[in-house]
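In: Here is my input; please provide its structure:
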Amino acid sequence: MKPMRDVMQRHSGRLDVCIVGAGAAGCTLAKTLAEGGMRVVVLEAGRWFDTQLDFVNDELEMLGPLDWDDLRISSGNNPLALGRTTTGRAIGGSTVHFTAAKLRLHPSDFRLKTRTGQGADWPLAYDDLEPYYDFAEEFVGVSGPLDYPWPGGPRGMYHQGELPVQAVDQLFGKAMDTLGIKWRMTPHAILTGAREGRAPCMFYGFCVNGCKSDAKGSALVTWVPAAVKAGAEFREECFAYSIETDSNGKAARVLYYDSDGKEQAQEADTIIVSGYSIETPRLLLNSATGAHPQGLANSSGVVGKFLHCHPASEIAVRFEQPVDHFVTPPVGILSQDFYENGADGVPVGYTLNRYAHFPIDFITSFISENRDLWGARLHEVMDQYTHWGILAAMCEQPPREDNRVTLADQTDQRGIPVAHVEMSYGDWETKLQASSRAKMEQIAKEAGAQEILYTKYADHVLGTCRMGTDPTTSVVDPYCRSHDVPNLFICDGSVFPSAGAVNPSLTIEAIALRTADHILGKPIQSSDARTAVASKS
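Out: The predicted model follows:
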């Protein structure tokens with residue numbers, strides 16, 4: 001069988017839709033719009049990987065190929081690491097190397113400002129996304145427990161049986177039972193049964209380095225094949241650097257460098273930016289002209305502002321016996337018992353889960369906060385690698401205006417200004433990290449911990465082009481259409497007014513489905529209708 005890229009339809013001339021970025025949003029949009037009869041092209045800065053030929057089950061070998069390692073500037077009191085944990089660079093985007101945890105926001109997450117007085121409310125509700133959550137979970141094949149007690153699955157049921165509980169999950173789960181903490185296996189975009197040419201999970205454990213069995217439902221093996229079948233074109237290694245408007249104020253063309261480094265222009269009736277929360281504002285700000293002096297779609301001055309992430313705390317727990325925590329997908333059991341009251345005086349919270357690291361990731365994750373991890377001590381910890389289990393807490397951060405993405409003075413190899421990312425934590429996230437660490441330590445000791453190591457980090461950059469109904473305080477409307485430019489849409493994690501405390505990919509896909517239906521003029525109103533469509537896809 002020929003590779004998909006070799007049988008893909010090639011487009012020329014002005015198209016119906018040009019999408020910048022082939023991540024969770026861009027691939028979902030491409031599939032839905034192409035199936036709706038539109039001529040679609042997707043420009044992606046990264047490569048098109050072959051899961052069988054390009055992914056190897058070797059941690060060292062896979063360091064680098066999936067990362068966005070171009071120059072970026074990171075500053076603030078809590079500067080973000082700007083490699084793999086915050087950005088993808090591939091057809092499929094970050095989903096190629098994500099952990100596959102597939103979680104829904106809670107209904108309360110859409111009303112952050114109303115509940116807490118901080119941040120902003122979404123201009124839509126959980127019910128508006130529910131049918132799209134249903135469809136996305138069915139389409140990618142989400143596995144999870146039938147009695148999942150938090151928002152998830154159409155009417156609480158997943159389409160694939162949950163991943164099995166591992167030995168280390170059992171140790172932590174028993175401790176949580178004793179402490180009265182409710183837990184379940186995490187819902188995953190990972191098959192537990194064969195489906196349409198994709199094998200079930202083989203428990204290689206290399207989810208964050210690509211999945212050779214195609215069990216992991218990345219956009220690369222789900223939305224992309226369906227999009228290509230419907231006639232969408234994906235152009236790899238194409239870097240978009242500006243969007244030009246016409247005399248009527250509409251987005252006219254995307255300027256980009258192709259895989260040969262040549263400057264190209266793609267005209268389209270509708271342009272959608274799906275570059276995620278750093279590269280999306282970078283592109284818009286780099287598109288400044290006399291007509292748009294602050295950058296494209298930025299009359300509000302909000303583009304790049306209100307960046308937020310998921311501050312996380314993590315502990316490594318050494319047990320007396322080997323627990324082989326790595327023989328499993330990275331995320332195991334979870335609890336959301338602390339989702340809305342994670343610390344005293346803080347009206348938001350965190351998701352707690354069992355996690356896994358391969359050896360290089362394990363030691364580099366913990367070495368920064370455990371300064372005695374060198375020499376003989378380092379060897380001692382690594383020699384007992386199989387005895388360690390890991391707990392992690394993903395905390396919510398309220399968006400603040402001074403956490404932002406701007407253009408730096410420095411430029412990349414093409415002479416394009418790079419992103420300057422500023423991040424500082426406030427009182428809430430500082431308290432949440434401390435409180436979650438204390439709770440995880442309590443669980444670890446109950447589980448029989450012999451030793452505990454600590455670290456903290458940040459996941460999932462969101463915001464910077466927030467969604468809203470007021471053009472003076474937001475960038476796009478509830479359907480991700482720019483307030484300023486009528487045929488320009490921004491659809492990715494950058495439109496999130498708030499983050500909740502869950503992995504964002506499922507919500508990004510749900511928003512993209514809703515946006516695509518709006519563009520097509522065919523919104524689907526019910527969960528039953530969406531699920532029926534999914535079962536035939």
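In: ok, residue 372 to residue 148 distance?
Out: 40 Å (C-beta to C-beta, to the nearest Å). (Each C-beta comes from the backbone N, C-alpha and C, glycine too.)
In: the more surrounded of these two?
Out: residue 148 (21 against 10; other C-beta atoms under 10 Å).
In: Could you count how many residues lie near the closest residue in space to that one that isn't next to it in sequence?
Out: What sits nearest to residue 148 in space, not counting adjacent residues and going by C-beta to C-beta, 6 or more residues apart in numbering, is residue 184, at 5.6 Å. Counted with other C-beta under 10 Å, the neighbours of residue 184 add up to 20.
In: pLDDT score for the closest residue to residue 208 other than its chain neighbours?
Out: Distances taken as C-beta to C-beta, 6+ apart put residue 97 closest to residue 208, at 5.1 Å, once the chain neighbours are dropped. pLDDT recorded at residue 97 is 91.
In: what about residue 84, which helix or strand?
Out: According to DSSP states H and E, residue 84 maps onto no helix or strand at all.
In: What is the neighbour count of it?
Out: 21.
In: contacting residues for the closest residue to it other than its chain neighbours?
Out: What sits nearest to residue 84 in space, not counting adjacent residues and going by C-beta to C-beta, 6+ apart, is residue 67, at 4.6 Å. Going by C-beta atoms under 8 Å, 6 or more residues apart in numbering, residue 67 touches 83, 84, 87, 89.
In: and if you look at residue 335?
Out: 176, 181, 182, 183, 184, 351, 352, 353.
In: cool, residue 353 as well?
Out: Taking C-beta under 8 Å, 6+ apart as the test, what residue 353 contacts is 101, 186, 331, 332, 333, 334, 335, 391, 392, 393, 394.
In: Mind picking the lowest-pLDDT entry from the contacts of residue 67?
Out: residue 84 (71).
In: And it, how far from residue 99?
Out: From residue 84 to residue 99 the distance is 11 Å (C-beta to C-beta).
In: Residue 279 now?
Out: 21 Å.
In: got it, and residue 367?
Out: 21 Å.
In: When these two are compared, which one has more neighbours?
Out: residue 99 (21 against 16).
In: For residue 168, see how far away the closest residue to that one other than its chain neighbours is.
Out: Spatial nearest neighbour of residue 99, excluding adjacent residues (C-beta to C-beta, 6+ apart): residue 330 at 4.5 Å. According to C-beta to C-beta, residue 330 stands 12 Å off from residue 168.
In: now do residue 33
Out: Residue 33 is 43 Å from residue 168, by C-beta to C-beta.
In: related to what we said a few turns ago, any common contacting residues for residue 84 and residue 99?
Out: Contacts common to residue 84 and residue 99, judged by C-beta under 8 Å, 6+ apart, are residue 208.
In: where in the chain is pLDDT low?
Out: For the chain, applying pLDDT under 70 flags the ranges 1-3, 85, 523-537.
In: Check it for its longest helix and report it.
Out: helix 427-446 (DSSP state H).
In: so what does that one touch, helix or strand wise?
Out: In this structure, helix 427-446 makes packing contacts with helix 167-179, strand 308-318, strand 350-355, strand 388-395, strand 451-462, judged by 3 or more C-beta pairs under 8 Å, 6 or more residues apart in numbering; DSSP states H and E.
In: Indicate which one of the ones you listed is closest to residue 238.
Out: Proximity to residue 238, assessed across the helices and strands packed on helix 427-446 by C-beta to C-beta, is greatest for strand 451-462 (22.4 Å).
In: and the angle for the longest helix of the chain with helix 167-179?
Out: 100 degrees (axes from the mean of the first three to the mean of the last three C-alpha atoms, to 10 degrees).
In: Identify all contacting residues around helix 427-446.
Out: Counting by C-beta under 8 Å, 6+ apart, 118, 172, 175-176, 178-179, 181, 311-313, 315, 317, 338, 342-346, 348-350, 352, 391-393, 395-398, 452, 454, 456 sit against helix 427-446.
In: Tell me the buried residues within those.
Out: In the contacts of helix 427-446, burial by neighbour count holds for 172, 175-176, 181, 311-313, 315, 317, 338, 342-343, 346, 348-350, 352, 391-393, 395-398, 452, 456, counting by 16 or more other C-beta atoms under 10 Å.
In: The helices and strands packed on helix 427-446: which one's closest to residue 17?
Out: strand 451-462 (24.1 Å).
In: Now do the contacts for residue 39.
Out: Contacts of residue 39 (C-beta under 8 Å, 6+ apart): 11, 15, 16, 17, 231.
In: Which ChimeraX command selects the buried ones in the residues you listed?
Out: Here is the ChimeraX command that picks out the buried ones among these, judged by 16+ other C-beta under 10 Å:
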select :11,15,16,17,231
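In: thinking again about what came up before, export the helices and strands packed on helix 427-446 to JSON lines and tack on distance to residue 238?
Out: Output for the helices and strands packed on helix 427-446, formatted as JSON lines (distance: least, C-beta to C-beta, whole Å):
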{"stretch": "helix 167-179", "distance to residue 238": "42"}
{"stretch": "strand 308-318", "distance to residue 238": "28"}
{"stretch": "strand 350-355", "distance to residue 238": "35"}
{"stretch": "strand 388-395", "distance to residue 238": "33"}
{"stretch": "strand 451-462", "distance to residue 238": "22"}
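In: any idea how far the closest residue to residue 281 other than its chain neighbours lies from residue 283?
Out: Closest residue to residue 281 apart from its sequence neighbours, by C-beta to C-beta, 6+ apart: residue 304 at 4.1 Å. As judged by C-beta to C-beta, residue 304 and residue 283 stand 11 Å apart.
In: So which of those two has more stuff around it?
Out: Remark: of residue 304 and residue 283, residue 304 carries more neighbours, 30 against 26, as counted by other C-beta under 10 Å.
In: Enumerate every residue touching the more buried one.
Out: 281, 285, 404, 405, 406, 464, 465.
In: so residue 463 makes contact with residue 303?
Out: No. Between residue 463 and residue 303 there is no contact under C-beta atoms under 8 Å: 10.7 Å.
In: ok, of the contacts of residue 335, which one's closest to residue 410?
Out: Looking across these and measuring by C-beta to C-beta, the closest to residue 410 is residue 351, at 35.8 Å.
In: so who does that closest one touch?
Out: Residue 351 neighbours (C-beta under 8 Å, 6+ apart): 103, 334, 335, 336, 339, 393, 394, 501, 502.
In: do the same with residue 119
Out: 112, 113, 398, 399, 497, 498.
In: Inside strands: which ones of these?
Out: Among the contacts of residue 119, no member falls in strands (DSSP state E).
In: Please indicate which of those are buried?
Out: 112, 398, 399, 497, 498.
In: farthest pair in these?
Out: The span of these, defined through C-beta to C-beta, is set by 398 and 497 at 10.3 Å.
In: Spell out which residues are contacts of both of those two.
Out: Joint contacts of residue 398 and residue 497 (C-beta under 8 Å, 6+ apart) are 112, 119.
In: Help me confirm that residue 264 is found in a helix?
Out: No. In this structure, residue 264 is strand, not part of a helix, as judged by DSSP: H, G, I helix; E, B strand; the rest coil.
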